[in-house]
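>>> No sequence on hand, only this structure:
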């Protein structure tokens with residue numbers, strides 16, 4: 001015996017109708033050259049347990065094997081596929097509109113299925129055309145179809161599908177164009193250039209600050225070789241620098257110079273002779289002490305205390321109440 005072509009499982013009413021199953025059964029008999037005498041045994045074998053039990057009840061008290069093939073199919077068709085009410089089927093057909101996201105082709109297929117039991121007969125194509133035009137969701141396509149003369153079902157489907165495709169393609173193109181324009185309008189991000197850091201006003205690899213020692217302020221040696229690196233400042237009592245470069249001491253001097261009660265003189269030139277006489281040329285008392293700061297001469301009282309001979313000479317330049 002030659003091998004059978006194809007495979008036909010048992011009938012399942014949840015997945016297909018009896019009409020569809022019977023059509024597939026006929027094709028199975030035809031392709032495998034099953035003659036009329038073997039159709040009944042083949043049918044009873046292929047139906048499956050549940051459907052065979054149903055058929056046995058329908059033929060009771062006779063057994064299904066005693067009935068003809070056509071009679072068995074008729075019994076199953078009446079039980080599994082009863083004739084629906086035409087008015088109810090037409091009601092469902094005319095209420096069906098295109099759903100959101102449903103294509104025109106899918107909508108036409110659904111309409112054809114609903115019209116199966118509506119008994120439209122010769123008016124089937126015209127009825128399908130009318131339902132298609134009335135049920136379309138896109139009003140633009142709908143208006144186009146309503147304006148066409150001698151509109152047939154085939155022409156209506158072709159026009160609706162073409163316009164639907166054009167609308168979808170245009171929307172995709174616009175979306176792509178908008179995305180490209182959005183990218184072009186973006187401002188280019190600023191590139192951060194990592195430049196080598198300049199020398200800061202801090203101790204560098206040579207231990208100097210702006211070329212000078214951070215402990216004494218001189219520029220003839222490195223900071224780590226300075227003999228004042230462990231010195232204690234007499235102005236702020238901090239370790240690591242001397243009073244001449246102390247920032248706190250300079251701040252106090254500036255504050256003293258801004259005080260009206262403490263007159264300030266500016267030393268224009270300082271000379272030392274063998275007699276250690278110091279000559280001071282007077283300047284505006286509001287000016288900042290420059291060359292004299294190295295000698296610690298920031299006010300008259302300081303001059304009087306540390307350089308008395310200079311103070312006596314300065315008495316010729318100032319009034320007595322300024323000292």
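Okay, I see it. Here the structure is a predicted model, which means the values were calculated and not measured.
>>> Please make it C-alpha for all contacts and neighbour counts, starting now.
Noted.
>>> what's the longest helix in the protein?
For the chain, the helix reaching the highest residue count under DSSP state H is reported as helix 153-185.
>>> where does residue 212 fall, phi/psi-wise?
phi -120, psi 160 (degrees, to the nearest 10).
>>> how far away is it from residue 117?
Using C-alpha to C-alpha, to the nearest Å, residue 212 is found at 106 Å from residue 117.
>>> burial count for residue 87?
Residue 87 has 12 neighbours, counted by other C-alpha atoms under 10 Å.
>>> what do you get for the one 10 residues further on?
Using other C-alpha under 10 Å, residue 97 has 18 other residues around it.
>>> ok, and the closest non-adjacent residue to it?
residue 135 (4.3 Å; C-alpha to C-alpha, 6 or more residues apart in numbering).
>>> List the residues that contact that neighbour.
Applying C-alpha atoms under 8 Å, 6 or more residues apart in numbering to residue 135 gives the contacts 96-98.
>>> Do you have the helices of the stretch 1-150 of the chain handy? List them.
Secondary structure of the stretch 1-150 of the chain by DSSP state H, counting those that start in this stretch: the helices cover 18-31, 39-46, 49-59, 69-80, 86-95, 104-114, 124-135, 139-146.
>>> Show me what counts as buried in the second one.
Buried positions in helix 39-46, judged by neighbour count with 16 or more other C-alpha atoms under 10 Å: 39-40, 43-44, 46.
>>> same thing with the longest one?
Applying a neighbour-count criterion of 16+ other C-alpha under 10 Å, the buried positions in helix 18-31 are 18, 21-22, 25, 28-29.
>>> Tell me which residues touch residue 26, please.
Neighbours of residue 26 in contact, by C-alpha under 8 Å, 6+ apart: none.
>>> Residue 154 is nearest to which of the helices of the stretch 1-150 of the chain?
Across the helices of the stretch 1-150 of the chain, residue 154 has its closest neighbour in helix 124-135 (8.3 Å, C-alpha to C-alpha).
>>> mind listing what's buried in the closest one?
For helix 124-135, using 16+ other C-alpha under 10 Å, the buried residues are 127-135.
>>> Also stretch 241-254?
So, applying 16+ other C-alpha under 10 Å, buried residues of stretch 241-254: 241-246, 249, 253.
>>> In CSV, list those along with distance to residue 89.
Shown next, in CSV, are the buried residues of stretch 241-254 (distance: C-alpha to C-alpha, whole Å):
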residue, distance to residue 89
241, 106
242, 109
243, 109
244, 110
245, 106
246, 105
249, 106
253, 108
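>>> and of the buried residues of helix 124-135, the nearest to residue 35?
residue 128 (39.9 Å).
>>> What distance do you get for that closest one to residue 25?
30 Å.
>>> what do you get for residue 85?
27 Å.
>>> With residue 227 instead?
Distance from residue 227 to residue 25, by C-alpha to C-alpha: 113 Å.
>>> With residue 98 instead?
34 Å.
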